Structures are given as structure tokens and as C-alpha cells.
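**Q** Need a 3D model of the sequence below.
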Amino acid sequence: MKSLHDKVVVITGAGSGIGRALALDLAAKGSRLALSDVDEAGLAETVRLAEAAGSPEVVGQRLDVADRDAFLAYADEVAAHFGRVNVVVNNAGVALAGDLVDLDWPDIDWILGINLGGVITGTKAFLPHLIASGDGHLVNISSLFGLLSMPGQSMYNAAKYAVRGMTEAVREEMLIAGHPVGVTSVHPGGIKTAIARNSRVSSKEDQKATAEFFDKKLAKTTPEKAAQIIVRGIERNQARVLVGLDAHALHTFAKFSGSRYQDVVARISKKVLPAKAV
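**A** Take a look at the predicted model:
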């Protein structure tokens, strides 16, 4: 996809963070945008900013990506409204911190429903439209934690590893079938968004301390920079996009150290992670 001008781009989780930054970057390139989020106020602001940035058409709609029926209906509505869909970015995501033994089942269902179920639904619902466009691209936002695991992030890891695996398999399926659809798995490191502040935690975690640790120690890359890297990945049809120096460094470390990276991570995490709440 050499140009994103006049392409119809779908972005979930567009009310803030990477989703909003992607919308504004693509708006400046002349893309037509179908934006969604559960945060209606944040979404409305993104729509306003995208229109001001130069998009010829922006449509915003509240959407809970964990609601499969609503998501399937949304995909049909977007395709009917615009007449085609060229790019889909399954970006909506949440965070859940805590050791697996301490997590509650409703919170586990919540994160898996959004971070994995939402990406599966968005991929399957829009893939026929991407194929039919004759010039399509699927982007699924995984994570650095889809490349290596971290204590206290077991369910986030579970979802993001699964997103990576599914995305890479879909890319292979498109290549075998000869469909005109590029597929990219994106792995951001620490991005300066509100995901940690809006996260859920187990009863053993200090939510405020966890959010502050992420914001001050881990979030090094701006959403705008992340969006630029992701858009460049679309234009270059990259299979995998790493975002941030931390993503590159830790991925390289885990790749060359093998399973022993887990021992190193455990030792360091024991020293630097915030203390438990109780």
C-alpha cells in the first residue's frame, strides 16, 4: 500500500492514546476514517481533531469490541457506508495487573474479551471486506508482552501472545491464497497512554503505585511516534513492527537468551516492581 490517501481506515480504541494518534496521522494523509471506542467523549474529540487534520470523512461510533454481535453489525455498517474497507487497525485494549493466583474470574474474562476476543472478531468480520477491496491491510496491535512474558501480566501476556499467533497465521493464509491483503502484527513497548491508569488490578496490587510505575519508569514513547512507526509499517507491508527502543532491546535480549530470560526478569522484577497492597 504505497499511499493511504482516500483509503478507508477502521480504527478501534480511537478515543485516546495510539488509536487517536493513528487517526490524526492518517487524517493528515487524506484517509477516510471509521473510528470507534467505548469512551464517547474521547471519541468525539478524536473525530473533531481528525476532521481538523484534513480527513475528507470521519465517522465515529461507540463500540464495545467484546460484544461480538455489535462488532459484526458494525463491520457491515462501515462497509455499507463507505462502500469498501482498505485498512483495519484492531487497537482497542485494556490492562490487568496481578499474579494469576490473585486474579478474579470476571477480570480475566474482561481482559480476554477485549484484548483477544475483540481482535478475533474484528479480524474475522472485516477480512472479507479487506479482500474485496483489492488493496487491503490488517493491523493487529499485540505488544512487547506478546514477545516475552512478565510477572503480574499473565492474562495480558496470554491475550497478546495469542493476537501475535493469530495475526501471523492469517498473514500466511493470505499469502497462500494470493489475496491482496497485507497483515502486520504490532508490538509496542511502553507508550505514554492512560492504559495503566485505567487498568484493573488484583486485590493484592496497589493500583496507583502500579500506574505510577508504568507512567514514570516504562512509558518512554509518545503515541504520536508510535503512530508514525505503525503507519510506516503499513506502507512498507511489514509483517512485524516493534515500537520503541525498549521493545527492540528486550525482544533481542529474550531472543538470544532463550528461556533463561525468565530467570533474569524474575530477579529484576522482584527488586523494582511496586510492593503489594496487602
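
**Q** pLDDT below threshold where in this structure?
**A** Along the chain, segments meeting pLDDT under 70 span 278.

**Q** out of everything not next to it in sequence, what's closest to Glu253?
**A** Quick fix: residue 253 reads Phe, not Glu. In space, and not counting its chain neighbours, Phe253 is closest to Tyr261: 6.2 Å by CB to CB, 6 or more residues apart in numbering. The way it works is simple: take the backbone N, C-alpha and C, and place the C-beta from them, glycine included.

**Q** Could I get the contacting residues of the one you found?
**A** Residues in contact with Tyr261 (CB atoms under 8 Å, 6 or more residues apart in numbering) are Leu148, Phe253, Ala254.

**Q** got the contact list for the first one?
**A** In other words, Leu148. Leu250, His251, Ala254, Tyr261, Val265.

**Q** Would you check how far apart the fourth one and Leu148 are?
**A** Pointing back at Tyr261 there. 6 Å (CB to CB, to the nearest Å).

**Q** now swap in the third one and tell me
**A** From Ala254 over to Leu148 the distance is 4 Å, taken as CB to CB.

**Q** contacting residues around the lengthiest helix in the chain?
**A** In the chain, taking DSSP state H as the definition, the longest helix is helix 154-177. The contact list for helix 154-177 (CB under 8 Å, 6+ apart) reads 95-97, 99-100, 103, 107-108, 111-112, 115-116, 119-120, 123, 127, 138, 140-143, 145-147, 149-150, 181-185, 187, 239.

**Q** among those residues, which ones are buried?
**A** 95-97, 103, 107-108, 111-112, 115-116, 119-120, 123, 127, 138, 140-143, 145-147, 149-150, 181-185, 187 (16 or more other CB atoms under 10 Å).

**Q** Among those residues, which are located in strands?
**A** Within the buried ones among the contacts of helix 154-177, residues falling in strands by DSSP state E are Leu96, Ala97, Leu138, Asn140, Ile141, Val181, Gly182, Val183, Thr184, Ser185, His187.

**Q** tell me the contacts of the second one?
**A** Contact partners of Ala97, counting by CB under 8 Å, 6+ apart, are Gly152, Gln153, Tyr156, Ser199, Arg200, Val201, Ser202, Glu205, Gln207, Thr210.

**Q** Check the burial of Lys7 by counting its neighbours.
**A** Lys7 has 22 neighbouring residues, counting by other CB atoms under 10 Å.

**Q** right, I mislabeled it, should have said Pro180
**A** Applying other CB under 10 Å, we find 15 residues neighbouring Pro180.

**Q** Let me see the backbone angles for it.
**A** When read as degrees, to the nearest 10, the backbone of Pro180 gives phi -80, psi 60.

**Q** Hmm, Ile131 and it touching each other?
**A** Yes - with contact defined as CB atoms under 8 Å, Pro180 counts as touching Ile131 (7.2 Å).

**Q** is it true that Ser36 lies in a strand?
**A** Yes - remark: Ser36 belongs to a strand, assigned using DSSP: H, G, I helix; E, B strand; the rest coil.

**Q** State the distance from the residue lying closest to it once chain neighbours are set aside to Thr46.
**A** Excluding its sequence neighbours, the residue lying closest to Ser36 (CB to CB, 6+ apart) is Leu63, at 3.7 Å. The spacing between Leu63 and Thr46, counted by CB to CB, is 13 Å.

**Q** Overlap of the contact sets of these two?
**A** The contact sets of Leu63 and Thr46 overlap at Asp37 (CB under 8 Å, 6+ apart).

**Q** Who has more neighbours out of those two?
**A** Taking neighbours as other CB under 10 Å, Leu63 and Thr46 compare with Thr46 leading, 27 against 23.

**Q** Roughly how far does the residue nearest to Phe253 sit from Arg267?
**A** 11 Å.

**Q** tell me the secondary structure for Leu242?
**A** Leu242 carries the three-state label strand when classified by three-state DSSP.

**Q** Now do the same contact list for it.
**A** So Leu242 contacts Leu144, His187, Gly189, His248, His251 (CB under 8 Å, 6+ apart).

**Q** likewise Ala27?
**A** Here Ala27 is in contact with Leu33, Leu49, Ala50, Glu51, Ala53, Gly54, Ser55, Val58 (criterion: CB under 8 Å, 6+ apart).
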